[in-house]
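Visitor: Return a 3D structure for these sequence lines:
(2 chains)
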Amino acid sequence: GQNIDQPTEMTATEGAIVQINCTYQTSGFNGLFWYQQHAGEAPTFLSYNVLDGLEEKGRFSSFLSRSKGYSYLLLKELQMKDSASYLCAVRSHSGGYQKVTFGTGTKLQVIP
Amino acid sequence: KAGVTQTPRYLIKTRGQQVTLSCSPISGHRSVSWYQQTPGQGLQFLFEYFSETQRNKGNFPGRFSGRQFSNSRSEMNVSTLELGDSALYLCASSLVPSTDTQYFGPGTRLTVL
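Guide: Coordinates of the predicted model:
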C-alpha cells in the first residue's frame, strides 16, 4: 500500500517563506507532484520531481529525497493569493500499471 | 486549447438514485482519470481509462463504474446513491496513462439528500 503524510494546516505571513513537507511510503516510486488547489476550484499543477534534488520555478521550489521518502514545497515572497491547499501526490508503478496517489493536502493561510 | 470540461457542474440527487457524470479531456489527451474529493478523505482515485479500456481502479465499491468512448470522452456512473457519495468528482486528463502531468477539470459537485 501507500502512505502519504502532510501537515493539515499552516499559517504564514505575507512576504515570508514557508516550507510544506510531505513524507511518503510506497513501492515502485516513479515521481512526486505538487498541486495547488484554491477553495472551490480544481487542483492545478505546480511541480514534478523524479530525481533527488531541488527544482526551482519562480517563487516555488520543490525538493525530493527518494532515499528518505521526503519532499517539500518551498514558497517564497508569500502573497495573499497563495492561500490555498497544497497537495502532494506520488506516482508509482506495479503490475505494469502506474497510478497517482494524493495526500490529504495542507491548507495554507497567508496573513497580512 | 480548451481545458478539461465536466458536466454537469452541480447535481442534487436523492438516496437510491443513480447519476452519470461526463468528462471531456483536453484535445489530444487520451487518458482520463476520475477522483472523488471529500473534506475528510482528500482526493481518492476512482479509476483511469485509456483507449476505451480501464487501466487501473481504486478501492471503491462496484456501484461506481465508468467508461471511455472512442473520442476519449469519459463518463462515470454511480448507482444506488448513498449520503456518503456526496462529494466533488474531479476528472483529470493526460496524454498517456499516469506518465505525464494530469490536468484537472472544474469538477462536478454531487449532493445526495
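
Visitor: distance between the longest strand seen in chain A and the chain's centre?
Guide: The residue-count maximum for a strand in chain A (DSSP state E) belongs to strand A:84-94. Offset of strand A:84-94 from its chain centre (Cα atoms, centre = their mean, to the nearest Å): 7 Å.

Visitor: which parts of that strand are buried?
Guide: Within strand A:84-94, the residues that count as buried by 16 or more other Cβ atoms under 10 Å in any protein chain shown are A:Ala84, A:Ser85, A:Tyr86, A:Leu87, A:Cys88, A:Ala89, A:Val90, A:Arg91, A:Ser92, A:His93. All C-beta spots, glycine's among them, are computed from the backbone N, C-alpha and C.

Visitor: Show me the contact partners of that strand.
Guide: Contacts to strand A:84-94, defined as Cβ atoms under 8 Å, 6 or more residues apart in numbering or on different chains, come from residues A:2, A:4, A:6, A:20, A:22, A:24, A:26-39, A:43, A:46, A:71, A:73, A:98-103, A:105-108, B:42-43, B:98.

Visitor: Could you rerun that using 6 Å?
Guide: A:4, A:6, A:20, A:22, A:24, A:26, A:28-33, A:35-38, A:43, A:73, A:98, A:100-103, A:105-107 (Cβ atoms under 6 Å, 6 or more residues apart in numbering or on different chains).

Visitor: Without its sequence neighbours, what residue ends up closest to B:Ser70?
Guide: Spatial nearest neighbour of B:Ser70, chain neighbours left out: B:Glu52 (6.3 Å); criterion: Cβ to Cβ, 6 or more residues apart in numbering or on different chains.
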